[in-house]
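[1] Model the following, please.
(2 chains)
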Amino acid sequence: MDDIRIQATERTPELDFNFSNNQFALRGESYPEDVPAFFSTPLSALEAHLGAMTSGEVTFLFQLTYFNSTSAKVVMKIFELLDESAAKGVGVTINWRYLADDDNMEELGQEFGEDLQSAKIVMCPLQG
Amino acid sequence: MLLNHYKLRETLEHQGALFCYSGYVNEGVLSGIGQAIKQKLSMEKIDARTIRDVFSVFVEQVQNVIRYAAEAQPDASPSTNVLSYGTLTVGRDAENFFVSCSNRMARGDVTRLQQQLSMIRELDRESLNKLYKQILKGEVPTGSKGAGVGFVHIARNASKPIEFSFIEINDDYAFFSMKAMI
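    Purely as a prediction, here's the structure:
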């Protein structure tokens, strides 16, 4: 699977899906005009890639500063895909990175993370 | 005309408006005003969380207005260039910032929206968070019958229950307004 790398814009996050070494990242703000248009290709690729894995290690970094409600659905979808993959025996680590004084992003990480059954979430506060 | 604008501005200032837009809304309007809101509040040294909440509620409200035009006219595609008309205000009173929007809507949709918003108003923080997650997971049907994720998102960002009203315009249309205190 070819790696997918998309530069950040004012309204879309930097997306870095590195399938060859199983490192994935989303960084920045996310409130695209058209959420499906932005996320559908990378998300399908991620789903197919994780679906084919039964072992190994996957790391997904979220370093978002703001996301709107439709992007929140995408974040939830990624959490679900990662957790399913972890349930099959893949070692999954989700790194949730946020500015240390950003209570809201910290709470969102906790909310999204609390339902994980198999994947591990690591809260990573960044000192401003 | 110039005098009228002066009066209009005085009226808006009296209501605490920092920004007010009334007209056809597209994603470019959202981007432009959204950036200006962030810039103005940052210059006033407002705390980061408040800026983010004001901005976040503004985005959800504007996208709701934009989306409503699409839903109201199912035949419309991006190429037919359907724009919805909305009135958007961001301002502050003695205690809080507020974000409000209004738009015309089909009268037939009023009951459903009224029920949704009344239900959301009644929820405490914990129930609101639970509902938000259920919607994100697709466990609650969105669209015509379920609760809109945007309204729940707004309620979570607001410091008080969302205020809303519907005014009958004629047999076909009603005027919908909502206001969120941050």
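[2] use CA for all of it now, contacts and neighbours both
    Will do.
[3] where along chain A do the helices fall?
    For chain A, the helices defined by DSSP state H occupy A:35-51, A:69-87, A:103-113.
[4] mind putting those in JSON lines, mean pLDDT included?
    Putting the helices of chain A into JSON lines (pLDDT from 0 to 100) gives the following:
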{"stretch": "helix A:35-51", "mean pLDDT": "96"}
{"stretch": "helix A:69-87", "mean pLDDT": "96"}
{"stretch": "helix A:103-113", "mean pLDDT": "94"}
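[5] Contact partners for the closest residue to chain B within chain A?
    Closest approach between chain A and chain B, counting by Cα to the nearest Cα: residue A:73, at 4.8 Å. Residue A:73 sits next to B:136, B:137 when contact means Cα atoms under 8 Å, 6 or more residues apart in numbering or on different chains.
[6] Tell me if I'm right that residue A:10 and residue A:65 touch.
    No - the pair residue A:10 and residue A:65 fails to qualify as a contact (Cα atoms under 8 Å) at a distance of 12.0 Å.
[7] for chain B, what's the longest helix?
    The single longest helix within chain B, with elements called by DSSP H, is helix B:48-72.
[8] List, one by one, the residues from chain B near chain A.
    B:27, B:49, B:52, B:56, B:59, B:60, B:136, B:137, B:149, B:150, B:153 (Cα under 8 Å from any Cα of the partner chain).
[9] Near chain B, which residues of chain A are found?
    So chain A meets chain B at A:33, A:66, A:68, A:69, A:70, A:72, A:73, A:76, A:77, A:102, A:103, A:104 (Cα under 8 Å from any Cα).
[10] Among those residues, name the buried ones.
    Taking 16 or more other Cα atoms under 10 Å in any protein chain shown as the criterion, what is buried in these is A:33, A:66, A:68, A:69, A:70, A:72, A:73, A:76, A:77, A:104.
[11] so which of those residues would you say is closest to residue B:122?
    For those, the minimum distance to residue B:122 (Cα to Cα) is 20.4 Å, reached by residue A:69.
[12] excluding its backbone neighbours, what's nearest that closest one?
    residue B:150 (5.8 Å; Cα to Cα, 6 or more residues apart in numbering or on different chains).
[13] Can you pick out the most distant pair from the residues of chain A next to chain B?
    A:33 and A:103 (26.3 Å).
[14] where exactly do the strands run in chain B?
    Secondary structure of chain B (DSSP state E): strands at B:17-25, B:84-92, B:97-106, B:163-168, B:173-181.
[15] Save those strands as JSON lines, and put in distance to residue A:123 too.
    Listed next are the strands of chain B as JSON lines, based on distance: least, Cα to Cα, whole Å:
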{"stretch": "strand B:17-25", "distance to residue A:123": "37"}
{"stretch": "strand B:84-92", "distance to residue A:123": "33"}
{"stretch": "strand B:97-106", "distance to residue A:123": "31"}
{"stretch": "strand B:163-168", "distance to residue A:123": "35"}
{"stretch": "strand B:173-181", "distance to residue A:123": "30"}
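[16] Which one of those strands lies nearest to residue A:87?
    Of the strands of chain B, nearest to residue A:87 by Cα to Cα is strand B:173-181, at 40.8 Å.
[17] Identify the neighbouring strands of the closest one in the sheet and state each direction.
    strand B:97-106 (antiparallel), strand B:163-168 (antiparallel) (DSSP bridges).
[18] then that strand to PDB, C-alphas only?
    Provided in PDB are the C-alpha atoms of strand B:173-181 (Å, rounded to 0.1, in the frame of the first residue of the first chain):
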ATOM      1  CA  TYR B 173     -42.000  28.600   6.000                       C
ATOM      2  CA  ALA B 174     -40.900  29.300   9.500                       C
ATOM      3  CA  PHE B 175     -38.000  31.400  10.900                       C
ATOM      4  CA  PHE B 176     -35.700  29.500  13.100                       C
ATOM      5  CA  SER B 177     -33.300  31.100  15.600                       C
ATOM      6  CA  MET B 178     -30.900  29.700  18.100                       C
ATOM      7  CA  LYS B 179     -28.500  31.200  20.600                       C
ATOM      8  CA  ALA B 180     -25.700  29.500  22.500                       C
ATOM      9  CA  MET B 181     -24.000  31.200  25.500                       C
END
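[19] what's the spatially closest residue to residue B:50 that is not a sequence neighbour in contact with, if anything?
    Spatial nearest neighbour of residue B:50, excluding adjacent residues (Cα to Cα, 6+ apart): residue B:182 at 7.1 Å. Residue B:182 sits next to B:50, B:53, B:54, B:96, B:97, B:98, B:99, B:157, B:158, B:159, B:160 when contact means Cα under 8 Å, 6+ apart.
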